[in-house]
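Enquirer: Quick one: sequence and predicted model below, then my questions.
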Amino acid sequence: MHSYYKITAQDLGKGSKIPLCVLGESGEVFYELALEMIREIEKNNGLGKQTVMICPVGPVGQYPIFTRLVNEKSLDLKHCWFINMDEHLTDDGQYIDESSPRSFRGFMKREVYDRIDAELLMPQEQRIFPDPSNPEAVQKLIKTLGGVDLVIGGIGINGHVAFNEPDPSLTPEEFAGLHTRVLSISAETRTSSAIGDLGGNIEDWPKKCITIGMAEILGARKIRLGVFRDWHRAVVRRAAYGAVSAGFPVTLLQNHPDAGIYVNNNAAKLP
């Protein structure tokens, strides 16, 4: 067994190559992720600047907190751009229907945008999903907007961030240069997702996706991830202490100047 899998909860974060913030229950992780979003918007609004974020659908526990705080604070989102990380596709490479419970576009509409007071919400054209018919559009938009301020996300069981599935045939530098693209979802990702959300029904889990690339993620000024599941116990240790590798993509964040991971007390336990 690799030595980093033996790091206790008490020592987790000591000497780590990505800063770790070990918290209590999952709600604390989600609260911190929501606060990262709120603070970034408040800061940029105060400076008269726009805010550009890359947002996930997984983890999602930060969104009820975020939408409540936006409404309570009357926080103006008119100058925000939310670029979602990814979306599931049909076998022929088209968006799955927005009505599907697997649709990230549907989730963001129902659970985020529809829950924010209309007078605070950014225009529809500032709510972006990568487009399988025009993957290059996200890269061009980010360049036009002057870069990404904040990435919020999680880590997959095989170390993927967004749907950047491992590719050990690439060097870390090659993998870090990958842009938005359509790809097949790995068996590991489909299995872990189906266990959590479909009672183990791997057969009906989407097989394709479009994902923002590691180039777009690593180009952001700040990256904050959250982990909380049982299998995150091993994942977060490899992420923070393992070798940088395209075979475990989150390790590439070790070279980012402002990346961090929020860890709940469950994920902090020994694997």
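Expert: Cool, the structure landed. Numbers count the residues shown, from 1 in each chain.

Enquirer: Relative to Ile41, how far out is Cys80?
Expert: 6 Å (C-beta to C-beta, to the nearest Å). Bear in mind the C-beta positions are built from the backbone N, C-alpha and C, glycine included.

Enquirer: what's near enough to touch the residue nearest to Ser16 when sequence neighbours are not counted?
Expert: Excluding the flanking residues, the one nearest Ser16 by C-beta to C-beta, 6 or more residues apart in numbering is Ala240, at 3.9 Å. Applying C-beta atoms under 8 Å, 6 or more residues apart in numbering to Ala240 gives the contacts 4, 13, 16-18, 20, 254, 261.

Enquirer: Could you report the separation of Ala240 from Glu25?
Expert: Ala240 is 21 Å from Glu25, by C-beta to C-beta.

Enquirer: Could you list the low-pLDDT ranges of the stretch 101-250 of the chain?
Expert: For the stretch 101-250 of the chain, not a single residue meets the criterion pLDDT under 70.

Enquirer: could you pull out the strands for it?
Expert: Using DSSP state E, counting those that start in this stretch, the strands of the stretch 101-250 of the chain run over residues 127-128, 150-153, 181-184, 208-211, 223-227.

Enquirer: partners of the last one, with directions?
Expert: If I follow you right, that is strand 223-227. strand 150-153 (parallel), strand 259-263 (parallel) (DSSP bridges).

Enquirer: Kindly report the same for the first one.
Expert: Strand 127-128 sits in its sheet next to strand 80-84 (parallel), going by DSSP bridges.

Enquirer: Which other helices and strands does the helix or strand that comes right after the strand it pairs with contact?
Expert: Using DSSP states H and E, the next helix or strand after strand 80-84 towards the C-terminus is strand 86-89. Applying 3 or more C-beta pairs under 8 Å, 6 or more residues apart in numbering; DSSP states H and E, we find strand 86-89 packed against helix 104-111, strand 208-211.

Enquirer: For strand 86-89, C-alpha coordinates in CSV please.
Expert: Taking Å, rounded to 0.1, in the frame of the first residue of the first chain, the C-alpha atoms of strand 86-89 are listed here in CSV:
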residue,chain,number,x,y,z
ASP,A,86,-19.8,19.4,-18.3
GLU,A,87,-23.0,17.6,-19.5
HIS,A,88,-24.1,14.1,-20.3
LEU,A,89,-24.7,13.2,-24.0
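
Enquirer: List the contacts of it.
Expert: 56-57, 95-96, 100, 102-105, 129-130, 132, 162-163, 182, 206, 208-212.

Enquirer: what is the residue nearest to Gln126 when sequence neighbours are not counted paired to in the beta sheet?
Expert: Nearest residue to Gln126 in three dimensions, chain neighbours excluded: Trp81, at 4.8 Å (C-beta to C-beta, 6+ apart). Counting by DSSP bridges, Trp81 is bridged to Val52.
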